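Asks: just a sequence and a predicted model for now, questions to come.
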There are 2 protein chains.
Amino acid sequence: MGAIKSDLFTRKQNELAAMARVLAHPARIAILQYLLKKNACICGDLVDELGLAQATISQHLKELRLAGLIQGTIEGPSVCYCLNPKTWKKYRESFMQLFQELDETSCEC
Amino acid sequence: MGAIKSDLFTRKQNELAAMARVLAHPARIAILQYLLKKNACICGDLVDELGLAQATISQHLKELRLAGLIQGTIEGPSVCYCLNPKTWKKYRESFMQLFQELDETSCEC
DNA sequence: ATGATTCATCGTAATATTGCGATAAAGCAA
DNA sequence: TTGCTTTATCGCAATATTACGATGAATCAT
């Protein structure tokens, strides 16, 4: 028990849920919005901006990186992070597709 | 530790993360898509369709209901569930707003 | 080389989520 | 009423997530 039964669902359903999970934390939303605004930043910027511990920010960055939403480039002692536009668009498309389907008669209770 | 520090983030960031969390499970995605297709159903339909235990489906329905994404109407011994178009649109707007902001120069690493 | 800066990772504690059996509540049919 | 169907809720076990201190690796300035 306690583990998601992924085999009961379609690949698309699992993928969409996984994408939603990446966005399901305010710190990760905040990081993405910061990157949208500033275009790039280093881990330390986010520590100052968000007020979470460095280890915690680094962990959230890792999740975003594993999801492909951001990418990091080593720049001397620091790491420059920025959005990955390709994955960002893939996310947008997937959520668009979900929210597209709805006509006004969808509630029949 | 282990609890999200909501006070570090804006109301909008917390709200968006909460919306994403509701969508962050394939069973809830599947339920929403089933409702989009069928317009309405009862809990038992979903138990047959998804293959999760009745208690588990009922729990996911509760989360979707608390989020305002679906509503249930008592119909005799069963409960008819359907989407709430208003909240559905609110979700769409919120995610669109997030994904809107991006120009091609957003990656500068 | 030494020290300072930056970041990732490990280990751990606290908390949250997932799944389901068992049970209860409510309506319906006979 | 009795039994059947349908659903919600409780309680528990398994797993996942969140947060952070401590530590280590890499770079840079002196």
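Replies: Okay, I see it.
Asks: and the longest helix for chain A?
Replies: Of all the segments of type helix in chain A, defined by DSSP state H, the longest one is helix A:85-100.
Asks: close to chain B, is it?
Replies: Yes: applying C-beta under 8 Å from any C-beta of the partner chain, one finds helix A:85-100 touching chain B at A:85, A:88-89, A:91-92, A:95-96, A:98-99. For glycine as for every other residue, the C-beta is placed from the backbone atoms N, C-alpha and C.
Asks: return the member of those residues nearest to DNA strand C.
Replies: Distance to DNA strand C across the residues of helix A:85-100 next to chain B (C-beta to the nearest atom of the strand) is lowest for A:L98, with 16.8 Å.
Asks: let me see the contact set for the closest residue to the closest one other than its chain neighbours.
Replies: Nearest residue to A:L98, sequence neighbours excluded (C-beta to C-beta, 6 or more residues apart in numbering or on different chains): A:L16, at 6.4 Å. Contact analysis of A:L16 by C-beta atoms under 8 Å, 6 or more residues apart in numbering or on different chains lists A:94-95, A:98, B:23, B:26, B:29.
Asks: now with 7 Å, please.
Replies: A:94, A:98, B:29 (C-beta atoms under 7 Å, 6 or more residues apart in numbering or on different chains).
Asks: can you verify it is assigned to a helix?
Replies: Yes: assignment of A:L16 by DSSP: H, G, I helix; E, B strand; the rest coil places it within a helix.
Asks: measure it to B:L69 for me?
Replies: Remark: distance between A:L16 and B:L69 (C-beta to C-beta, to the nearest Å) = 15 Å.
Asks: go on, A:R28?
Replies: Look at A:R28 and B:L69: by C-beta to C-beta, they are 21 Å apart.
Asks: contacts for the strand or helix carrying A:H60 next, please.
Replies: In this structure, A:H60 sits in helix A:54-66 according to DSSP states H and E. For helix A:54-66, contacts defined as C-beta under 7 Å, 6+ apart pick out A:22, A:25, A:27-28, A:31, A:43, A:46-47, A:50, A:70-72, A:81.
Asks: among those, which are in strands?
Replies: Among the contacts of helix A:54-66, the members falling in strands (DSSP state E) are A:70-72, A:81.
Asks: filter these by proximity to DNA strand C?
Replies: A:G72 (C-beta under 7 Å from any atom of the strand).
Asks: so what's A:A17 closest to, chain neighbours aside?
Replies: B:P26 (4.3 Å).
Asks: list, one by one, the residues from chain A near DNA strand D.
Replies: A:1-4, A:21, A:24-25, A:27, A:52-56, A:59-60, A:63, A:74, A:76-77.
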